[in-house]
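Q: Return a 3D structure for these sequence lines:
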Amino acid sequence: MNEIGRSFDLYGFCRLDNERYVATRSVKIWEFTDYEHVLVRITEEYAADFYNRQFIDEVVAELVDAHPNHHQSYFTFVNIVESQLRPEDIQAIKELKYSKTFRLGLRGWCDLRLIVVDIPRNQIYTNKAGKEVAESYKSLLEL
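A: Predicted structure coming up:
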């Protein structure tokens with residue numbers, strides 16, 4: 001992530017290969033690959049402008065290889081914040097959307113999940129896409 005000029009405290013990556021065969025492995029019907037990139041940062045205050053469109057486009061350009069078997073990529077940004085979020089920050093988190101297709105969807109797509117952990121309030125805020133994985137991050141509230 002050095003090329004884009006921003007740093008994160010932790011980076012996680014998952015690749016899942018899916019294949020379907022008929023009778024034997026030599027007769028493959030289809031195959032595709034899913035990816036998830038998790039980028040975690042710990043900050044004193046939340047900065048909504050950190051997750052602007054240009055930054056997200058740069059991250060996607062750097063990390064997504066839209067090869068013929070690419071199905072989907074998820075980018076999960078987790079921001080652990082040590083001070084209380086302001087109401088306008090909470091609203092900005094909920095409204096953040098990002099989705100991109102590659103070659104009209106023939107080479108897959110990517111979506112952005114934003115998860116912000118408000119330590120003082122012991123709350124997790126997410127954008128719409130982040131809601132589906134928010135439960136996995138509840139253990140951060142027990143730190």
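Q: Please pick out the residue of this structure most distant from its centre.
A: Taking Cα atoms, centre = their mean, the residue of the chain most remote from its mean C-alpha position is residue 23, at 36.5 Å.
Q: what's the spacing between that one and residue 43?
A: 54 Å (Cβ to Cβ, to the nearest Å). In this view, the C-beta of every residue, glycine as well, is placed from N, C-alpha and C.
Q: For the longest helix seen in the chain, which helices and strands make contact with it?
A: As assigned by DSSP state H, the longest helix anywhere in the chain is helix 53-63. Here helix 53-63 is seen to pack against strand 24-43, strand 70-81 when contacts are counted using 3 or more Cβ pairs under 8 Å, 6 or more residues apart in numbering; DSSP states H and E.
Q: Could I get the buried residue list for the first one?
A: When burial is assessed from 16 or more other Cβ atoms under 10 Å, strand 24-43 yields the following buried residues: 33, 35-41.
Q: Could you do the last one as well?
A: For strand 70-81, a neighbour-count test (16+ other Cβ under 10 Å) marks 70, 72-81 as buried.
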